[in-house]
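Student: need a structure here:
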Amino acid sequence: MDKLLKKLTLALLCLVLLGGQSLNVVASDNPQETGLGKSVTRTATAVAENENPRLRTLQGASKITAKTGMAYQYLSADQKKAYDKIIAAVNTQTPKTTTFKFSDNSTLTASVIDVDFSSVTANTFENSDLIVLDVFHDNSGILTFDKYELIVGGTGGRHVYLQNISGNQAKEVELDSAADSVAKTLSGKTALQKIKGIRDYLAKNVKYDNDQVVAESRGLDPNPLAHYAYGALAKNKAVCDGYSQAFTLLASKLGVESMVVIGSDGTSPYPNHAWTLLKFKDKFYQMDVTWDASTRTYKFYMLNDSQMKEKYGSQYHIWFEERTPRCTDATYARNPDAKDPDVGFYGVAHIQNKGDTPATGDIMSKTNPLTFGTTGQALRVENITINENGVRTKNINIASHVQSKGDQAYAEGFTGTSGQGLRIERVKMTLSASYVAKYDIYYRTHIQSKGWMAWTKNGEDAGSAGYGLRAESIQVVLVEKGGAAPSNAGAQAHANLTIKENSVSGMAHIQNKGDTRVTGDIWNAKNPLTFGTTGQALRVENIEIEEDALRASAISVAAHVQSIGDTPFAAGFAGTSGRGLRMESVKLKLNEASSKEYSIWYRGHVQNKGWLGWAKDGAEAGSKGKGLRVESVQVVILPKTAAAPGSTATPLFK
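Tutor: Residues are numbered from 1 along each chain as shown. Below you'll find the predicted structure:
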């Protein structure tokens, strides 16, 4: 292979932040330091383009079987083909001693493997240096193919040659042992604890090799292994790509997906820096451990793309964005103490226009409950998930009423729908057998146009049904068994709007007056909904309860009527019309859905007796067998847990 070859260096001056100031390393025409490895300094004479093979400084692989990693997922089909060819060559070929001749008539004899790129496109071949980097960054524990020479092309076609560096096998074993030792201290921890643990170990234990950067700017190379995971983990001294490769190596041992990002610190149009991109809970985050270590902060911890581009002094991160996934989440940004979703209870809501959104708060806190969704944004909650120690909880069962779907059965840790754009209208929750002995589960909803409803608990409904109102937020709290409920300050008086608040009205047909509108409010015990008159000796002949101007289907009424006797329950109406007959007693009840958490209270103002005691939920109020007229009726709906609106003594005179 006596071909005319050209050498081309790739500069990557890895800069460290020192107290917010950059360490300025000036690149010469033939820079010596590349954060990707050592370059060759001899000047090359250009030849025809097709005979323009390039010498690049990259690392290779041997001891550990090379495999695809996170970077592979974001390559084009043709780039993946090239990546696969490199892996196949590293894993199967035996290096051969080959002599190369360069355009300055110098030669290089090296042990290399030959990667045939003849079947990939010219563009992929032109950018093969980045693909080789992807391969070996995905395999950061491999050292036998060192960062020295990558020889590309030649008159014989498109080829990539990776130089084998003898003597590094022992270093691979040393590196693997060092990585295992660190990984062992983090095994058994949650994924977020592992991520933070890797970052903290590197920031605390690895010293930035400033001497190496300065030496390379002067043509020297005292510590080439500073560019490797080996430098960081075996010798505790590295530059940016050493930190980054150490992170990916440790992450791979701990089951965390990550990749090395090649980019710039913003001071150069050429690659001069490297950092880490990782995957956590199906979202992506960027992290620069090198800069965190030098600033002794978490300023570059778990950032999204926008945060990563923010300036720090004169420096900022730019990279080949088409080669990385988008990082959009800021949940953990710069916050090493952010709540770990795999510790204790953690929730996620799918919110209209926002998608999956982490819940806030603490399920054990009455003052800061676990909170799903939003308020003040008019956005529906479509589903909620409650996780416990990283998996969907088996200790909280959730059911809901969903738009167009109706009632959804109880499921462990989840309710609602996915991908259908349907609102949750009400929810209810129960606990597992092991939890029900220790806790009560309280929950409430923030309802469209109504705000926060009252707290309810242990399988009772919270929300609305039948009125098309979206649940915009849901709060959940576990309270020790028998403990005080969370405060209802600022909330509605009721938990479940099966009957619309402020929509209930009605009228009574009164002797000598005819149909007469009611006064008061069915939800207000101090000013109940009131039919009829007092002090005028006028009989009530019928009462009608309306909801949104229609007879209330959720409230049934029965009566004892002069000359007729008991009338059956009917939706929203009792008595007679046009017959001049007095009502002597009444009974009211709620429909099944409402009666689970509410009671309907009522009392009669009876001829010669005045107001009698309050009755509720189908009991009779008024008089029986005395021929006494009902002159007025009051009605109020209260939570079952609420006290009676007044005295319950003698609701029925008989």
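Student: low pLDDT regions in the stretch 351-500 of the chain?
Tutor: Applying pLDDT under 70 to the stretch 351-500 of the chain flags residues 466, 493-500.
Student: make sure residue 632 is indeed in a strand.
Tutor: Yes - Residue 632: assigned to a strand according to DSSP: H, G, I helix; E, B strand; the rest coil.
Student: quick one: pLDDT of it?
Tutor: Residue 632 is assigned 98 on the pLDDT scale.
Student: cool, and the one 4 residues further on?
Tutor: Here, the pLDDT recorded for residue 636 equals 95.
Student: A helix includes it, no?
Tutor: No - going by three-state DSSP, the assignment for residue 636 is strand, not a helix.
Student: can you count the residues close to the closest residue to it other than its chain neighbours?
Tutor: Counting by CB to CB, 6 or more residues apart in numbering, residue 636 lies nearest to residue 528, which is 4.2 Å off, once chain neighbours are set aside. Any C-beta I mention is one placed from the backbone N, CA and C, and that applies to glycine too. By other CB atoms under 10 Å, the residues close to residue 528 number 24.
Student: how far away is residue 528 from residue 168?
Tutor: Separation of residue 528 from residue 168 (CB to CB, to the nearest Å): 88 Å.
Student: what's the answer for residue 556, then?
Tutor: On the measure of CB to CB, residue 556 and residue 168 end up 86 Å apart.
Student: grab the nearest non-local neighbour of residue 287.
Tutor: Nearest non-adjacent residue to residue 287 (CB to CB, 6+ apart): residue 276, at 4.7 Å.
Student: ok, the one you found to residue 579 distance?
Tutor: Taken as CB to CB, the span from residue 276 to residue 579 is 86 Å.
Student: who has more neighbours out of those two?
Tutor: residue 276 (27 against 12).
Student: the more buried one against residue 245, yeah?
Tutor: No - the criterion here is CB atoms under 8 Å, and residue 276 misses it with residue 245 at 9.2 Å.
Student: show me whatever sits in contact with both of those two.
Tutor: Taking CB atoms under 8 Å, 6 or more residues apart in numbering as the criterion, residue 276 and residue 245 both touch residue 260.
Student: now for residue 130: which residues touch it?
Tutor: With CB under 8 Å, 6+ apart, residue 130 has these contacts: 262, 320, 323.
Student: now those: which count as buried?
Tutor: Among those, those buried by neighbour count (16 or more other CB atoms under 10 Å) are 262, 323.
Student: kindly indicate which of the contacts of residue 130 lies nearest residue 517.
Tutor: In terms of CB to CB, no member of the contacts of residue 130 lies closer to residue 517 than residue 323, at 72.1 Å.
Student: quick one: residues contacting that closest one.
Tutor: Contacts of residue 323 (CB under 8 Å, 6+ apart): 71, 74, 75, 130, 134.
Student: for residue 422, same thing?
Tutor: 382, 402, 403, 404, 405, 416.
Student: closest to residue 532 among the contacts of residue 323?
Tutor: Distances from residue 532 to the contacts of residue 323, taken by CB to CB, are shortest for residue 74, at 75.8 Å.
Student: residue 189 contacts residue 196, correct?
Tutor: No - between residue 189 and residue 196 there is no contact under CB under 8 Å: 9.1 Å.
Student: those two: which is more packed in?
Tutor: Neighbours of residue 189 and residue 196, each counted by other CB under 10 Å, are more numerous for residue 196; the result is 22 against 16.
Student: wait, is the more buried one part of a helix?
Tutor: Yes - secondary structure of residue 196 (three-state DSSP): part of a helix.
Student: check what pLDDT it gets.
Tutor: pLDDT, read off for residue 196, is 97.
Student: ok, it - contacts?
Tutor: 301, 336.
Student: report all helices and strands that the longest helix seen in the chain contacts.
Tutor: For the chain, the longest helix by residue count, based on DSSP state H, is helix 169-186. Under the contact criterion of 3 or more CB pairs under 8 Å, 6 or more residues apart in numbering; DSSP states H and E, helix 169-186 touches helix 191-205, helix 229-234, helix 240-253.
Student: wait, which of these is closest to residue 481?
Tutor: Nearest of the helices and strands packed on helix 169-186 (CB to CB): helix 191-205, 31.4 Å.
Student: pull that closest one out as CSV, backbone CA atoms only.
Tutor: C-alpha atoms of helix 191-205 as CSV (Å, rounded to 0.1, in the frame of the first residue of the first chain):
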residue,chain,number,x,y,z
ALA,A,191,-31.1,5.9,38.2
LEU,A,192,-31.0,9.6,39.3
GLN,A,193,-28.8,8.7,42.2
LYS,A,194,-26.4,6.9,39.8
ILE,A,195,-26.3,9.9,37.5
LYS,A,196,-25.6,12.3,40.3
GLY,A,197,-23.2,9.8,41.9
ILE,A,198,-21.1,9.5,38.7
ARG,A,199,-21.0,13.3,38.3
ASP,A,200,-20.0,13.8,41.9
TYR,A,201,-17.3,11.2,41.8
LEU,A,202,-15.7,12.7,38.7
ALA,A,203,-16.0,16.3,39.9
LYS,A,204,-14.5,15.4,43.3
ASN,A,205,-11.8,12.9,42.4
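Student: fine by me, thanks again.
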